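Visitor: Give me a model of this one.
(one chain, ligands or ions: 1)
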Amino acid sequence: MAQEMTMTTAESVQTLESRHVLQTYRRQPVTFVRGDGVRLFDADGREYLDLLSGIGVASLGHAHPGLTRAIADQAKTLLHTSNLFFHPLQGQLAERLSNLSGLPRAFFCNSGTEAVEACLKFARRYWYTLEEPRAEIIALEGSFHGRTMGALSVTWDEHYRKPFAPLLPGARFVPANDCAALLQAVSRNTAAIIVEPIQGEGGVRPLTPAFAAAIGEACEKSGALLIADEVQSGLGRTGNPFYFSTLGMKPHLVPVGKALGGGVPIGAALVSEEVAARIFYGDHGSTYGGNLLACRAAICVLDELVEGGLIARVAEVGRYFDERLKSIRSKRRIVKDVRGCGLMWGLDLTIDAAPVVPAALERGVIVNRTAETVVRLLPPLVITEADASEALNRLDAALGAMENVENGGQAN
Ligand SMILES: Cc1ncc(COP(=O)(O)O)c(C=O)c1O
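Guide: Next up is the predicted model:
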């Protein structure tokens, strides 16, 4: 009876949504109602190991006791006052982000796409202030920067962009890791180059150190600003605070989001002093941006990442993922490449990765598919080797079932 009730609940959730929620998402038929660490539980009480963390957001896992306490405490004290007044937490969070990134100033917003949008505006404003307006932005093929109009304009995949044209004029794309093409494309008309140090939605593809050096050279020659989008790869995900420093990049602007709030919406544009000196009162704003709740959550996340030693743990568990995923690749014919580091991984398949997602769900593990053939893993940064081992066993079984289908057999 209890089982029947919960099944009805899951069904009614999905029916109600299908009637009243704008249908922009094709969801998996699972209704999650509770989480605990790296585990999620559906409406039927079934347990899943989470290798996705809400697309790289639940950095401390689900229902983290410290984050839960911080949010509850802040909710009891004060949630929001707007940016018309001071509150004690925004400066503290900005200082912490500055220590971590080397970029001294932060502008707070509510999501990754807004952080990118802010960086694009600040790049334009920088050149306007210098009385040398520049509109051209160079982006990379395979890039993803978000869904608002500016971020969309520098996002590669045409199926995201085409229905919303005309977009920002001046966006141009060059192939990732093609040094010659980049150096040729950048000129004194280029306001900024925008890159993801590791392309996430594009299939977990790191930029090469040679390309990072070419970006530096192109910026130096042309004066163009560098925007390193670390919305997905930043804040510990790769086992380093940011992947741009691993590549030796020196960005002027760094959008962050996702992991920063551990699930509470917050984004930030981290800004160099050189750019900050050319931004003025009224140039940008956000009603919610950097409110007390979001800042308190983000400070708690940074406490765990930095003082709690979580970034170093990610590097350690990341080595375990590296080993295990490479052994899966050597065993499974359909896995043609494994890319990534820390807790950001892509398994590039010889087949469409779409059916792997439900096959993994059936076996109690959550992953997603990106760039058609890639199974992407972005586990909570708190995952242990023991949980990772069990989750990867389940994923391996799902890949085995896919291989079986490829060989003309049954999925199970
Ligand atoms: C690199 C990158 N930039 C920007 C975004 C947009 O972030 P959001 O979905 O929080 O707006 C994403 C989202 O996946 C991303 O991966």
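
Visitor: So which residues on this protein come close to the ligand?
Guide: Residues of the chain lying close to the ligand by Cβ under 6 Å from any ligand atom are 111-113, 116, 144-146, 196, 200-201, 229, 231-232, 257. For the C-beta atoms, the positions are set from N, CA and C on the backbone; glycine is no exception.

Visitor: Keep only those of these that are in strands.
Guide: Assigned to strands by DSSP state E, none of the residues of the chain next to the ligand qualify.

Visitor: With neighbour count added, can I get those in TSV?
Guide: Shown next, in TSV, are the residues of the chain next to the ligand (neighbours: other Cβ atoms under 10 Å):
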residue	neighbour count
111	20
112	31
113	23
116	30
144	26
145	29
146	24
196	29
200	26
201	21
229	32
231	27
232	28
257	28
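
Visitor: quick check, nearest of the residues you listed to the ligand?
Guide: residue 112 (2.3 Å; Cβ to the nearest ligand atom).

Visitor: Just confirm the closest one contacts residue 147, I think it does.
Guide: No - counting by Cβ atoms under 8 Å, residue 112 stays clear of residue 147, with 9.6 Å between them.

Visitor: picking up where we left off before, can you flag which of the residues of the chain next to the ligand belong to helices?
Guide: 112, 113, 116 (DSSP state H).

Visitor: returning to that earlier point: state the pair within the residues of the chain next to the ligand that is farthest apart.
Guide: Farthest pair in the residues of the chain next to the ligand (Cβ to Cβ) is 111 and 196. Separation: 15.9 Å.

Visitor: Return the closest of the ones in helices among the residues of the chain next to the ligand with respect to residue 342.
Guide: residue 112 (18.3 Å).

Visitor: which stretches of the protein aren't confidently modelled?
Guide: 1-8, 410-412 (pLDDT under 70).

Visitor: burial of residue 402, as a residue count?
Guide: When neighbours are counted by other Cβ atoms under 10 Å, residue 402 registers 23.

Visitor: packing partners for the helix or strand hosting it?
Guide: Assigned by DSSP states H and E, residue 402 belongs to helix 385-406. If you count contacts as 3 or more Cβ pairs under 8 Å, 6 or more residues apart in numbering; DSSP states H and E, helix 385-406 packs onto strand 47-50, helix 310-331, helix 356-362, strand 365-366, strand 374-377.

Visitor: Tell me where the stretch 1-150 of the chain has strands.
Guide: 32-36, 39-42, 47-50, 105-109, 136-140 (DSSP state E, counting those that start in this stretch).

Visitor: Just give the strands next to the second one in its sheet, each with its orientation.
Guide: Sheet neighbours of strand 39-42, with direction, are listed as strand 32-36 (antiparallel), strand 47-50 (antiparallel) (DSSP bridges).

Visitor: so how far is the first one from its chain's centroid?
Guide: In other words, strand 32-36. Distance, stretch centre to chain centre, for strand 32-36: 21 Å (Cα atoms, centre = their mean, to the nearest Å).

Visitor: hmm, who's touching that strand?
Guide: Residues outside strand 32-36 that contact it (Cβ atoms under 8 Å, 6 or more residues apart in numbering) are 40, 41, 42, 43, 48, 50, 58, 61, 62, 63.

Visitor: top of the residues you listed by neighbour count?
Guide: residue 58 (28 neighbours).

Visitor: okay but that residue is in contact with residue 382, surely?
Guide: No - using Cβ under 8 Å, residue 58 is not in contact with residue 382; the gap is 9.1 Å.

Visitor: Can you list the buried residues in stretch 235-246?
Guide: 235, 236, 237, 238, 239, 240, 241, 242, 243, 244, 245, 246 (16 or more other Cβ atoms under 10 Å).

Visitor: And for residue 32, the neighbour number?
Guide: Neighbours of residue 32 (other Cβ under 10 Å): 16.

Visitor: repeat for residue 308
Guide: 16.

Visitor: Same question for residue 358.
Guide: 14.

Visitor: so residue 191, which of the three states?
Guide: On the three-state scheme (DSSP: H, G, I helix; E, B strand; the rest coil), residue 191 is labelled strand.
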